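Colleague: give me a model of this one.
(one chain, ligands or ions: 2)
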Amino acid sequence: MDQIVRNRIDWIDAVIFTHSHADHVSGTNDIVMPCRKQQMDMPVYGPEQTMGILQRNFDYMFTKETFQGGGVGHLLPNVVEEKEKLALHGFEILSIPVEHGNVPTYGYRIDNFGYLPDVKRLPQASQDLLNGIEVLVIDALSFNPRHPTHLSVGEAVEISEALKTKETYFTHIMHRLDHRYFPEQCEEVEVELPDNAYLAYDGQVIQLQ
Ligand SMILES: [Zn+2]
Ligand SMILES: [Zn+2]
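Modeller: Ligands and ions are numbered 1, 2, ... in the order given. Model (predicted):
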């Protein structure tokens, strides 16, 4: 709720989930308010396992039988298959399967924008689906390449260079990555930071053309 208010989001057309980890689904209850304000049921999209977990954890949001007037919004679940193309509100959205521990996880390509917030390994076939993107938002948890489920900054740089992106933003970053000294931090651990790669920050807006 705080995020919706703080970022002055006054309309949500649909919600797209990447996977079922708690840091990505715990805010689901916050969709109640937009459903009520917009007087609509909200379509939600994601991998089959994620849709199942949402329906178990937030069962009251998927049924019309809940107490009317009690502040409960309704969600309309849509399972997205791997490499499925969705046409939503004028955008072409493609689900990109990525390896992230043992949880089925997608990144998404939205026109020329790639979004891969949780990934340890990007299979070649998935990387190929991102060819031609201009802007990439990608997991870069820390400088530690041995983390079992998240990319390091160095690994994320390699992917952005392979994709020849015009701009890359590192997300899902841990507290040790410091916005004030990030280029110096990269130098210290001998990660060559491209000129067009930055740490993302809360509330950042990336405008899609
Ligand atoms: Zn995750
Ligand atoms: Zn996560």
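Colleague: from residue 44, how far off is the residue nearest the centre of the chain?
Modeller: Most central in the chain under Cα atoms, centre = their mean is residue 117, positioned 4.7 Å from the mean C-alpha point. Taking Cβ to Cβ, to the nearest Å as the criterion, residue 117 is separated from residue 44 by 17 Å. Just so you know, the C-beta spots here come from the backbone N, C-alpha and C atoms, and that holds for glycine as well.
Colleague: list the contacts for the residue nearest to the centre of the chain?
Modeller: In this structure, residue 117 makes contact with 18, 24, 107, 137-139, 171-172, judged by Cβ atoms under 8 Å, 6 or more residues apart in numbering.
Colleague: what does residue 17 give?
Modeller: Shown in contact with residue 17 (Cβ under 8 Å, 6+ apart): 24-25, 44-47, 50-51, 54.
Colleague: so which of the residues you listed belong to strands?
Modeller: 44-46 (DSSP state E).
Colleague: which pLDDT value belongs to the residue nearest to the centre of the chain?
Modeller: Residue-level confidence at residue 117 comes out at 98, pLDDT.
Colleague: what do you get for residue 93?
Modeller: pLDDT, residue 93: 97.
Colleague: same check, this time on residue 207
Modeller: According to the per-residue confidence, residue 207 scores 85 in pLDDT.
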